[in-house]
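S.K.: Structure of the sequence below:
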Amino acid sequence: MAPSSQPCCPSCSQTVQPAAGPVQEIRTTDSRITPANRLDHFLARWGVDRMGHRVEPGLYRLGNPTEDSPVFASANYTLSFDALRSALAGHDGYILVLDTNGINVWCAAGKGTFGTDEIVRRITLTGLASVVRHRTLIAPQLSAPGVSAHEVLRRSGFKVEYGPVRASDLPEYLAIGRATPDMRRVRFPAADRLVLAPMELVHAALPTVAGAIVLYLLAGLPAALGAVAAVLAGTVLFPALLPFIPTRDFSTKGLILGGIVALPFSAAFFMETAASGWAGVPAALAPLLLMPPVTAYLALNFTGSTPFTSRTGVKKEIFRYVPFMAGMAVFGVALAVVLGVARLLGVV
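M.R.: Numbering: from 1, shown residues only. Sure, this is the predicted structure:
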């Protein structure tokens with residue numbers, strides 16, 4: 001079917017002319033998830049080659065689509081692409097893969113890479129208007145923050161229709177022709193939260209081990225264990241307990257959790273140094289000043305991975321709380337240095 005001028009919208013006489021130029025080749029895919037795909041998913045979850053889990057952007061043929069088959073938009077992150085194509089087993093269609101730099105739909109929408117400009121650009125580069133007869137593009141609901149549907153329509157002639165939150169609901173969505181309220185509901189259960197932990201834990205592992213060794217040499221085993229506990233609280237315990245920690249901001253949630261985790265260490269340091277008289281209270285304060293900022297800082301990494309936050313909200317939170325966390329940490333380090341010097345001099 002040859003490209004033709006398409007109305008911008010029913011009430012507007014403005015038309016959109018498809019851009020001239022070379023059209024990308026249509027690739028072919030299927031719905032099978034192979035052992036190699038599963039290995040890729042495992043490595044992605046554990047942060048191995050973090051930005052290397054991507055597929056080539058472009059238009060993909062799934063099954064035996066016709067010019068009337070649906071078109072689905074996807075990020076070029078392998079987990080996003082594989083979740084979509086596996087959910088469409090037994091269905092024919094096209095998948096328009098956007099260049100999101102190997103980032104998932106939710107995060108890419110927040111960063112703007114799964115956005116209006118990239119959709120319009122990819123529609124033009126793939127010559128989608130000459131491949132399908134209809135003018136509808138089904139996008140993931142979680143891409144909505146980055147996509148201006150009316151702008152896509154005005155600039156490309158394609159109407160953006162938001163599908164369900166979960167790719168697994170697509171067969172029912174296609175069968176009934178709409179998304180039910182249950183399909184629109186954003187859920188973030190424990191399994192979805194904990195699956196984020198390995199990546200954060202891996203990236204924090206090396207600094208944590210190095211810091212623990214230094215603390216062990218300077219202040220002994222309790223200090224080293226405190227460092228490990230603060231990191232584990234921020235990378236593993238925090239996502240597990242996220243909905244149950246009071247306050248809205250991730251920073252304050254992290255500070256609360258870090259403070260709770262620090263209490264046993266604070267008590268242990270107090271008991272250890274109380275006999276020396278003056279050092280008991282400073283020793284008890286040190287973990288309460290040092291551990292919560294570490295946990296809170298690591299907790300901030302989850303803001304871009306959850307449906308609890310917005311892009312502007314995260315920016316405000318960072319500017320509001322990071323200076324406070326840095327101040328706590330600096331004061332805690334200064335206090336620890338004073339105690340360390342006192343210990344070397346035999347005062348403690």
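
S.K.: secondary structure class for the closest residue to R166 other than its chain neighbours?
M.R.: Leaving aside its chain neighbours, R166 sits nearest to M183 (7.3 Å; criterion: C-beta to C-beta, 6 or more residues apart in numbering). No exception for glycine: its C-beta is placed from N, CA and C like everyone else's. At M183, secondary structure determined by DSSP: H, G, I helix; E, B strand; the rest coil is helix.

S.K.: What of L96?
M.R.: When the structure is reduced to helix, strand and coil (three-state DSSP), L96 reads as strand.

S.K.: tell me, how many neighbours does it end up with?
M.R.: The local packing count at L96 equals 23, with neighbours defined by other C-beta atoms under 10 Å.

S.K.: Could you do E161 as well?
M.R.: Other residues close to E161 by other C-beta under 10 Å number 16.

S.K.: now do G102
M.R.: A count of nearby residues for G102, using other C-beta under 10 Å, gives 20.

S.K.: Ok, F42 next?
M.R.: Using other C-beta under 10 Å, F42 has 11 neighbouring residues.

S.K.: The helix or strand where it lies: what's the following helix or strand?
M.R.: For F42, the host element (DSSP states H and E) is helix 35-45. Secondary structure here is assigned by DSSP H and E; on that basis, the next helix or strand after helix 35-45 toward the C-terminus is strand 58-62.

S.K.: and that next one, which strands flank it?
M.R.: As defined by DSSP bridges, the strand partners of strand 58-62 come to strand 27-29 (parallel), strand 93-97 (antiparallel).

S.K.: Can you name the element that comes right after that strand?
M.R.: strand 71-74.

S.K.: List the buried residues in that following strand.
M.R.: Of the residues in strand 71-74, those buried by neighbour count under the rule 16 or more other C-beta atoms under 10 Å are 71-74.

S.K.: same deal with stretch 42-53?
M.R.: Within stretch 42-53, the residues scored as buried using 16+ other C-beta under 10 Å are 44-45, 53.

S.K.: That one spans what distance, first to last residue?
M.R.: The first and final residues of stretch 42-53 sit 11 Å from each other (C-alpha to C-alpha, to the nearest Å).

S.K.: And the contacts of that stretch?
M.R.: Stretch 42-53 is contacted by residues 40, 77-79, 101-102, 195, 198-200, 202-203 when judged by C-beta atoms under 8 Å, 6 or more residues apart in numbering.

S.K.: Of these, which count as buried by neighbour count?
M.R.: For the contacts of stretch 42-53, a neighbour count by 16+ other C-beta under 10 Å gives the buried set as 40, 77-79, 101-102, 198-200, 203.

S.K.: For those residues, give me a markdown table that also has distance to V330, secondary structure and pLDDT.
M.R.: Below are those laid out as a markdown table (distance: C-beta to C-beta, whole Å; DSSP: H, G, I helix; E, B strand; the rest coil; pLDDT from 0 to 100):
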| residue | distance to V330 | secondary structure | pLDDT |
| --- | --- | --- | --- |
| D40 | 42 | helix | 96 |
| Y77 | 37 | strand | 97 |
| T78 | 41 | helix | 97 |
| L79 | 39 | helix | 96 |
| N101 | 35 | coil | 95 |
| G102 | 36 | coil | 95 |
| P198 | 31 | helix | 93 |
| M199 | 28 | helix | 89 |
| E200 | 24 | helix | 90 |
| H203 | 23 | helix | 89 |
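
S.K.: returning to that earlier point: in TSV, list the buried residues of strand 71-74 along with distance to H150 and pLDDT.
M.R.: What follows is the buried residues of strand 71-74, written out as TSV (distance: C-beta to C-beta, whole Å; pLDDT from 0 to 100):
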residue	distance to H150	pLDDT
V71	18	98
F72	20	98
A73	16	98
S74	22	98
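
S.K.: Show me the two of the residues you listed that sit farthest apart.
M.R.: Between all members of the buried residues of strand 71-74, the longest pairwise span (C-beta to C-beta) is found for V71 and S74 and amounts to 10.4 Å.

S.K.: Using neighbour counts, pick out the buried residues of the lengthiest helix in the chain.
M.R.: Longest helix of the chain, by residue count under DSSP state H: helix 311-344. Taking 16+ other C-beta under 10 Å as the neighbour-count basis, helix 311-344 is seen to contain the buried residues 314, 317, 321, 325, 328-329, 332, 335-336, 339, 342-343.

S.K.: And the helices in the stretch 151-300 of the chain, which stretches?
M.R.: 170-176, 181-184, 190-194, 197-219, 221-232, 238-241, 250-273, 280-300 (DSSP state H, counting those that start in this stretch).

S.K.: buried residues in the third one?
M.R.: The neighbour-count criterion (16+ other C-beta under 10 Å) identifies R193 as the buried residues of helix 190-194.
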